[in-house]
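In: Return a 3D structure for these sequence lines:
(one chain, ligands or ions: 1)
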Amino acid sequence: MLHKTTRLMHAGAPAFIDGTAPVNVPVERTSTVRFENTSSRAALQKRREAGEPVSTYGRDGRQTHRALEAGIGELESARDVLLAPSGLSAISLVFIGLLSPGDHVLVQDGVYGPVRERVEPLLTRLGVAFSYFSAADGLPHKHIQPNTKLIYAESPSSFLYEILDLPALADFAHERGVLLAADNTWGAGLLYQPLALGADISIQAVTKYLGGHSDLMQGAVSTVDAELGQRLQETHHALGLSISADDAYLALRGIRTLPIRLAQHARGAFAVASYLQRVRAVTRTFHPALASDPGHALWSRDFHGANGLVSFALRDADAAQAAAFVDALKLFGIGASWGGYESLALVAPPQRLRGQRYWAGTEAVIRLHIGLEDADDLILDLAQAFRSVAS
Ligand SMILES: *Cc1c(COP(=O)(O)O)cnc(C)c1O
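Out: I've put the predicted structure just below:
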């Protein structure tokens, strides 16, 4: 079997027509799909009903979309890939597609904040019960209920990068007839493969590293199970989720350079994290590639590398002092999201940190996304910001 990096460069390559083909898949924009005649339409619809991924309408996308699905399928080692207009819509697709009134979903406490803030109220209104567990307590024996249908997790967790024992959680779920879905945005499929580790569903915000250039919003849901893929597909159709061919093209283009970009993000982040560990004003550095990180052993076992995210706790700082530090940075943009080539800094929202039992500190936390700049320049910028808030 070829290495994943090699397969990623060839996934979705266009077929030869009349002996030639472009390197890149064409951007096939359309709403209406035209048919040569009525009988060819009927034949295609029949194939579609039999489960073939043939497109009979623009909402399904066409060859640009199929090529991106092939690329994400390689990344996640998935059978089915469903594209969604954002990472959050991909997450909601999984909840809405798999849960019914009276069901219960068990959610890890460190998941992406809007799951708790936006998706939980919607699902509660539709009669689905939510509760939370912390991976810091081990397997969620005490939290499982007779009506639990889904466990939803994110490893590493948002902002603090708590690493889960995903294979153990998958066994725990399956012994109880419960499905496990994992948000794989951090691992991007290249660093981490939840499906291979036992999860039933892997979700990515393509917006982040696959896009890689801070210029598109997109999500993806991947599965290895045909029946599960079918259930999600039905909800995907009902919600009419659709992405533009231009965005599908950009995401696939991002996948071609993902391996080298991630390696550079990881090098920069490790240099910055190592520097932060030596700064007296920093009480804790969060980055699983550091040997001192509590998740380091699990990370070494289950992951193939790290990305550009590093968070740190600022000694005795409240949110205002942390904001002053972020404002003093010159090379880091201030903004949410991450995964682009540019470095970013953000004060972690305190309510999101308090929601994670993993870390009990009360000082403010700053999240850095280390872009593709030279790490030495970023470290000098951080050093001047530490000096400027100390004086
Ligand atoms: C950003 C993010 C999302 C949401 O993705 P959008 O495309 O911004 O909607 C979901 N999960 C994680 C872990 C994220 O970081």
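
In: ok, whatever residue of the chain ends up closest to the ligand - contacts?
Out: Ranked by CB to the nearest ligand atom, the top residue of the chain for proximity to the ligand is Gly87, at 2.2 Å. (Each C-beta comes from the backbone N, C-alpha and C, glycine too.) Applying CB atoms under 8 Å, 6 or more residues apart in numbering to Gly87 gives the contacts 112, 185, 203-208, 217-219.

In: Drop anything exposed from the residues you listed.
Out: 112, 185, 203-208, 217-219 (16 or more other CB atoms under 10 Å).

In: How about residues contacting stretch 284-299?
Out: So stretch 284-299 is in contact with 156, 159-165, 266, 269-270, 273-274, 276-277, 303, 305-306, 309-313, 359, 361, 365, going by CB under 8 Å, 6+ apart.

In: Just give me how far it sits from the chain centre.
Out: Taking the mean of its C-alpha atoms, stretch 284-299 sits 19 Å from the chain's own mean (CA atoms, centre = their mean, to the nearest Å).

In: you'd agree Ser311 is in a strand?
Out: Yes - according to DSSP: H, G, I helix; E, B strand; the rest coil, Ser311 belongs to a strand.

In: contacting residues for it?
Out: 159-161, 285-287, 348, 365-368.

In: which of those has the most neighbours?
Out: His287 (29 neighbours; other CB atoms under 10 Å).

In: anything in the helix with the most length in the chain near the ligand?
Out: Taking DSSP state H as the criterion, the chain has its longest helix at helix 245-277. No - residues of helix 245-277 are not located near the ligand by CB under 6 Å from any ligand atom, the shortest gap being 11.2 Å.

In: Kindly identify which of the contacts of Ser311 also come near the ligand.
Out: Counting by CB under 6 Å from any ligand atom, no member of the contacts of Ser311 reaches the ligand.

In: I'd like those as a markdown table, with secondary structure and pLDDT appended.
Out: Shown next, in a markdown table, are the contacts of Ser311 (DSSP: H, G, I helix; E, B strand; the rest coil; pLDDT from 0 to 100):
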| residue | secondary structure | pLDDT |
| --- | --- | --- |
| Phe159 | coil | 97 |
| Leu160 | coil | 98 |
| Tyr161 | coil | 98 |
| Thr285 | strand | 98 |
| Phe286 | strand | 98 |
| His287 | coil | 98 |
| Ala348 | coil | 96 |
| Val365 | strand | 98 |
| Ile366 | strand | 98 |
| Arg367 | strand | 98 |
| Leu368 | strand | 98 |
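
In: among the contacts of Gly87, which are in strands?
Out: Within the contacts of Gly87, residues falling in strands by DSSP state E are 203-205, 219.

In: so which of the residues you listed would you say is closest to Val326?
Out: Ranked by distance to Val326 (CB to CB), the ones in strands among the contacts of Gly87 are led by Ala205 at 22.5 Å.

In: list the contacts for that closest one?
Out: 86-88, 90, 183, 185, 218-219, 339.

In: The same query, at a cut-off of 6 Å, please.
Out: 87, 185, 219 (CB atoms under 6 Å, 6 or more residues apart in numbering).

In: Once you drop chain neighbours, what's closest to it?
Out: What sits nearest to Ala205 in space, not counting adjacent residues and going by CB to CB, 6 or more residues apart in numbering, is Gly87, at 2.5 Å.

In: how near is that neighbour to His237?
Out: Computed as CB to CB, to the nearest Å, the Gly87 to His237 distance reads 20 Å.

In: And for Val206?
Out: Counting by CB to CB, the gap from Val206 to His237 is 20 Å.

In: One more: Ala348?
Out: 37 Å.

In: got it, and Ser274?
Out: 48 Å.

In: if we look at the ligand, which of the contacts of Gly87 are close to it?
Out: Okay, of those touching the ligand (CB under 6 Å from any ligand atom), that's 112, 185, 205, 207-208, 217, 219.

In: and which of those is nearest to Met1?
Out: For the ones next to the ligand among the contacts of Gly87, the nearest to Met1 is Thr185 (25.9 Å; CB to CB).

In: I'd assumed Gln204 was in contact with the closest one.
Out: Yes - assessed by CB atoms under 6 Å, Thr185 is found in contact with Gln204 at 5.3 Å.

In: Quick check on the contacts of stretch 284-299: which are buried?
Out: Using 16+ other CB under 10 Å, the buried members of these are 156, 159-165, 266, 269-270, 273-274, 276, 303, 305-306, 309-313, 359, 365.

In: Enumerate the residues of the stretch 101-250 of the chain near the ligand.
Out: 112, 154, 158, 183, 185, 205, 207-208, 217, 219.

In: hang on, the earlier thing: include distance to Ala245 and pLDDT when you put the ones next to the ligand among the contacts of Gly87 into TSV, please.
Out: Below are the ones next to the ligand among the contacts of Gly87 laid out as TSV (distance: CB to CB, whole Å; pLDDT from 0 to 100):
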residue	distance to Ala245	pLDDT
Tyr112	27	97
Thr185	23	98
Ala205	20	98
Thr207	17	98
Lys208	21	98
Met217	15	98
Gly219	16	98
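
In: thinking again about what came up before, out of the residues of the stretch 101-250 of the chain next to the ligand, what pair is the most spread apart?
Out: Pairwise over these, using CB to CB, the maximum falls at Glu154 and Met217, 18.8 Å.

In: can you pull the pLDDT of Met1?
Out: Confidence at Met1, expressed as pLDDT, is 88.

In: hmm, back to that, with respect to Arg354, which of the contacts of Ala205 is nearest?
Out: Thr185 (21.9 Å).

In: Show me what the closest residue to the closest one other than its chain neighbours is bridged to.
Out: In this structure, Thr185 finds its nearest non-sequential neighbour in Ala205, 4.4 Å apart by CB to CB, 6+ apart. Ala205 has the following beta-bridge partners by DSSP bridges: Gly219.
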